[in-house]
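Provided below for reference: sequence and predicted model.
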Amino acid sequence: MKTVKYIIAAAMLLLNVAAYAQYGNFDYTDPAEPGIKYNVSVSSSPANINARMQGAGTYSRNQTVEISQVCPDGYEFLYWSLNGRKHSESGSFTYTVSQESEFVAHYQRVFTVRFVGADGQTISEQKVAKGQSAIAPDAPEVDDQTFIGWYTDEYKNVQSDLTVRGIYVKIPEPVDGKFVVVFVDYDGTELSVQTIEPGHSAVPPQKPGRSGYLFYRWRGGYVNVRANSVVVATYVEIKTDDSQKKYVVFPCE
């Protein structure tokens, strides 16, 4: 029995000597095959977005390599995956090669959304992922004007770089103790200006139209008037389903 063990040990020694002769220095603490090499690749998702990456090559087992990326304009880095599994949220890291390795840098498209005031000055600038919503800031107060909303609601589903303008309406001075009610369209266009006795009601003008939308209601106080008021036309978007039928969804209020 001992003779068999000695023969096996001698055979293993000869194999190690042969490996050393073929591959050079060999780490005897590593049970893997000596001199084996692995391919490391790096790519991006989405592809073809001009992301700068480094680390691709062919490396010896246990060799370390720096995996890194530079995020392209208009994108936000999310994470690296290794062979289909999430690996690191760091933009760069050191990797010890131990297998065939396919790294993918994952990005998401982001856009710049700017909210500006009546004077065109930026109130808020945000980086927003495609399809997500920006957060509308508090609009600054403007002397003798009333803020009625933001010019567009596209910031609620961002698909491109966007500038969102605050809409302000100036209310005329009341006369002889009466109040002024101003009806405006969604974009601030003046539709009607009425001077109302206290406690009386204004008469809404003809409902305005807006392409791709259905008039919903007037927002603001114009019944039993007790103060100056701005009344804004509001709309609901006309949507199209998969069968090309049009429909609207009214808000729950």
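Received it, and whenever you're ready, just let me know what you need.

so, low pLDDT: which residues of the stretch 1-150 of the chain?
The model of the stretch 1-150 of the chain has pLDDT under 70 over residues 1-34.

tell me where it has strands.
Counting by DSSP state E, counting those that start in this stretch, the segments of the stretch 1-150 of the chain that form strands are 37-45, 52-54, 57-60, 64-70, 75-82, 85-88, 92-96, 101-116, 122-129, 145-150.

and Val236, which of the ones you listed is closest to it?
strand 145-150 (14.9 Å; CB to CB). (Each C-beta comes from the backbone N, C-alpha and C, glycine too.)

which helices and strands does the helix or strand just after the closest one pack with?
As assigned by DSSP states H and E, the chain's next helix or strand after strand 145-150 is strand 162-170. Applying 3 or more CB pairs under 8 Å, 6 or more residues apart in numbering; DSSP states H and E, one finds that strand 162-170 contacts strand 101-116, strand 145-150.

hmm, 10 Å instead?
Counting contacts by 3 or more CB pairs under 10 Å, 6 or more residues apart in numbering; DSSP states H and E, strand 162-170 packs against strand 101-116, strand 122-129, strand 145-150, strand 179-184, strand 229-240.

strands paired with the longest one, and their directions?
Each strand pairing with strand 101-116, determined using DSSP bridges, is listed with its direction: strand 37-45 (parallel), strand 75-82 (antiparallel), strand 122-129 (antiparallel), strand 162-170 (parallel).

now render those strands as a markdown table, adding mean neighbour count and distance to Asp176.
Listed next are these as a markdown table, based on neighbours: other CB atoms under 10 Å; distance: least, CB to CB, whole Å:
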| stretch | mean neighbour count | distance to Asp176 |
| --- | --- | --- |
| strand 37-45 | 16 | 69 |
| strand 75-82 | 17 | 59 |
| strand 122-129 | 15 | 37 |
| strand 162-170 | 18 | 20 |
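
between the ones you listed, which one is nearest to Tyr213?
strand 162-170 (16.1 Å).

now do that closest one, average pLDDT.
Mean per-residue pLDDT for strand 162-170: 91.

export the strands of the stretch 1-150 of the chain to JSON lines and tack on distance to Val236?
Formatted as JSON lines, those follow (distance: least, CB to CB, whole Å):
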{"stretch": "strand 37-45", "distance to Val236": "37"}
{"stretch": "strand 52-54", "distance to Val236": "45"}
{"stretch": "strand 57-60", "distance to Val236": "57"}
{"stretch": "strand 64-70", "distance to Val236": "43"}
{"stretch": "strand 75-82", "distance to Val236": "32"}
{"stretch": "strand 85-88", "distance to Val236": "40"}
{"stretch": "strand 92-96", "distance to Val236": "48"}
{"stretch": "strand 101-116", "distance to Val236": "23"}
{"stretch": "strand 122-129", "distance to Val236": "23"}
{"stretch": "strand 145-150", "distance to Val236": "15"}
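
got a list of what Tyr168 touches?
Tyr168 makes contacts with 117-119, 139-142, 144-149, 188, 230, as judged by CB atoms under 10 Å, 6 or more residues apart in numbering.

biggest separation within those, which pair?
Among these, the pair separated by the greatest distance (CB to CB) is Asp119 and Val230, at 19.3 Å.
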